[in-house]
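Enquirer: Here's a sequence, model it:
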Amino acid sequence: MEDIKYAIICVDDEPLILQMLGFQIEKIINQNSTLVESFEDPEDALQNIQEIIDENIEILAVIVDYQMPKLNGSELTRRIKKNWKETPVIMVSGQANSSDVDQLISDKMIAAFIPKPWDEEELFSFLNPLISKKQEA
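Expert: Model (predicted):
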């Protein structure tokens, strides 16, 4: 694990969605230096983000669902940005509250909103600049 420098975090309460995101993201990352971490529980994700950062692994992006038990995507995003202001957050959701999402965009809390079911190329269009900027450095 000593070669891992970067991570992309995916948070969704649906295991199948996490599996699909992981599969798609692995197509565009250098798996020798970038890790894809998936969490069904947003609170677990928050705890693990800190642990990943403590291991000197830079988080390239956090992809969050909106509709989750315990903590919705808006609350999760606000907590991520409070603790790690520079970390880009992308929301991928089919059931988001549009006024809440508009407010997150207006507050510069999320880099992008992608509706489910998402198009792989649309996801890549937001992730590729974040990935290539770091993996070329």
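Enquirer: Tell me where this structure has helices.
Expert: 15-25, 42-54, 73-83, 98-106, 120-135 (DSSP state H).
Enquirer: What residues sit buried inside the helix or strand of the chain with the lowest mean pLDDT?
Expert: Least confident helix or strand, the chain: helix 120-135 with a mean of 89, by mean pLDDT, DSSP states H and E. Neighbour-count burial for helix 120-135 flags 123, 126, 127, 130, 131, 135 (criterion: 16 or more other C-beta atoms under 10 Å). For every residue, glycine as well, the C-beta is placed using N, CA and C.
Enquirer: Check the offset of that helix from the chain's centre.
Expert: In terms of C-alpha atoms, centre = their mean, to the nearest Å, the centre of helix 120-135 is set 12 Å apart from its chain centre.
Enquirer: cool, stretch 109-122 as well?
Expert: 11 Å.
Enquirer: ok, residues contacting that stretch?
Expert: 17, 24, 61, 77-78, 81, 88-94, 96, 101, 104-105, 123, 126 (C-beta atoms under 8 Å, 6 or more residues apart in numbering).
Enquirer: Next: stretch 21-41.
Expert: Here stretch 21-41 has contacts from 3-15, 18-19, 45, 48, 52, 57, 60, 63, 70, 92, 120, 123-124, 127-128, 131, 135, using C-beta under 8 Å, 6+ apart.
Enquirer: Having no further points to raise, I will conclude here.
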